[in-house]
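Novice: Any chance you can model this:
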Amino acid sequence: MKRRVIFILMLQLLTITGWAQRKIEVKASISPKEIQIGDWVTLQIELTHGKEVKLLWPPLNDKITIDSNRHLTIIKSEKIDTIISDLVMTQKRILTISAYDSGNYTIPPLKFAYQYAGSDSVFETASLPMLLAVKTIPVGENAKLKPEKGPVGVLPFWYDNSYYWVIGGSILLILLSVAIFLIKGRPRRQKERFIATRPSTAHEQAFESLEQLSTDMASAKVPPPVLYAQLSIIVRTYLEQRYSISALENTTEEILLALARTNLDSKERQQIKELLVITDLVKFAKAATFETELKQGIAKAQQMVERTAYEAPSISEEHG
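Specialist: The predicted structure is shown next:
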């Protein structure tokens with residue numbers, strides 16, 4: 001009976017030891033799973049394995065690559081927290097990540113290499129993929145800032161009697177017209193030259209809006225997120241009017257796909273992409289650096305408009 005008990009205890013010990021040496025669990029989760037551009041997300045990674053297992057973490061320094069065109073930025077990376085209990089070791093790590101372009105991000109499996117004690121073989125395990133949804137920042141139709149109105153001046157002394165001034169002025173003009181007609185006779189019809197005016201072009205409107213944005217920034221009366229949102233609206237409005245695409249309601253990727261069907265070369269599209277990314281950095285702007293970043297964004301927007309501007313021909317018309 002005593003030998004049987006000893007045998008069962010040894011069998012359990014071997015079972016626990018075998019689990020500790022062979023079983024490796026990887027858990028990864030994100031919170032929250034849906035954010036707006038620039039919001040922070042907590043990525044928590046937890047690995048459980050035997051004490052004799054040598055584990056190698058993947059490099060998680062500045063970004064997590066999603067595909068050839070997109071990545072998630074690592075804002076903060078905490079140290080690995082290790083907990084040892086009997087034959088089992090648990091390692092935990094918390095990362096703070098963010099995204100600056102809208103769309104759905106599938107975070108690929110995080111791969112970990114490991115070795116067993118006394119073995120030269122290298123094995124690999126990975127976490128499950130995770131889905132993160134990034135939404136654009138909602139901007140109302142009337143988001144464009146208007147200049148502040150100046151103080152109301154004091155009305156002139158003649159304002160209260162303006163009715164009499166209008167009547168008297170009208171009578172005086174009529175008498176003057178009759179006198180001229182009688183003295184010189186009916187005036188001959190003169191040729192008049194009219195220059196037909198045209199509505200301002202997309203680049204003229206963009207330059208005017210960027211100038212107003214620079215003025216608002218210099219006044220320091222408008223919050224940085226509102227200034228960034230205004231820059232985004234100006235750039236997207238110009239692209240929509242200049243290339244006849246839907247830009248105000250589309251994501252950056254959708255805008256770039258639409259521009260790919262125009263006559264823009266790849267170098268110009270890349271510069272526009274960088275500018276759109278800058279205009280999306282609303283919540284990530286820091287109070288100490290937003291002015292410099294915004295100035296760079298306005299300068300790049302002006303350069304882009306200047307390079308891609310289309311000058312409509314002037315229209316002149318003569319009537320005889």
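
Novice: Would you mind listing the buried residues in stretch 260-270?
Specialist: Using 16 or more other C-beta atoms under 10 Å as the burial criterion, the residues of stretch 260-270 that qualify are L264. C-beta: built from backbone N, CA, C; applies to glycine.

Novice: now the strands for the stretch 151-300 of the chain?
Specialist: Under the criterion DSSP state E, counting those that start in this stretch, strands of the stretch 151-300 of the chain are mapped to 192-194.

Novice: Low-confidence stretches in this protein?
Specialist: Filtered on pLDDT under 70, the chain yields the residue ranges 1-23, 139-163, 185-199, 281-290, 311-320.

Novice: any idea how far D39 is from the most centrally placed residue in it?
Specialist: Closest to where the C-alpha atoms of the chain average out (C-alpha atoms, centre = their mean) is D280, at 1.2 Å. Taking C-beta to C-beta, to the nearest Å as the measure, D280 falls 12 Å from D39.

Novice: next one: V305
Specialist: Applying C-beta to C-beta, the value for V305 to D39 is 30 Å.

Novice: of the two, who's got more company?
Specialist: Using other C-beta atoms under 10 Å as the criterion, V305 and D39 rank with V305 on top: 22 against 15.

Novice: Pretty sure that one sits against F207.
Specialist: Yes. If you go by C-beta atoms under 8 Å, V305 and F207 touch, sitting 6.4 Å apart.

Novice: The nearest residue to L47 once chain neighbours are set aside: which element?
Specialist: The shortest distance from L47 to any non-neighbouring residue, by C-beta to C-beta, 6 or more residues apart in numbering, is to Q91 (4.8 Å). Following DSSP states H and E, one finds Q91 within strand 88-98.

Novice: Check which element follows that strand along the chain.
Specialist: Following strand 88-98 in sequence, per DSSP H and E, is strand 103-107.

Novice: and that following strand, what other elements does it pack with?
Specialist: Here strand 103-107 touches strand 130-135, going by 3 or more C-beta pairs under 8 Å, 6 or more residues apart in numbering; DSSP states H and E.

Novice: Which other helices and strands does the strand it packs on contact?
Specialist: The contact analysis (3+ C-beta pairs under 8 Å, 6+ apart) places strand 130-135 against strand 25-31, strand 34-36, strand 103-107.

Novice: what does it rub up against?
Specialist: The contact list for strand 130-135, computed with C-beta atoms under 8 Å, 6 or more residues apart in numbering, reads 28-30, 33-37, 41, 72, 99, 101-107.

Novice: Check stretch 80-93 too.
Specialist: The contact list for stretch 80-93 (C-beta under 8 Å, 6+ apart) reads 16-17, 20, 44-51, 53, 55, 57, 60, 77-79.

Novice: tell me which residues of it are tucked away?
Specialist: By 16+ other C-beta under 10 Å, the buried positions in stretch 80-93 come out as V88, M89, Q91, K92, R93.

Novice: and P138, that's in a strand?
Specialist: No. Read with DSSP: H, G, I helix; E, B strand; the rest coil, P138 is coil and lies in no strand.

Novice: burial count for it?
Specialist: Using other C-beta under 10 Å, P138 has 8 other residues around it.

Novice: quick one: contacts for I24?
Specialist: Taking C-beta under 8 Å, 6+ apart as the test, what I24 contacts is L47, T48, H49, G50, V53, L55, F112, Y114, T125.
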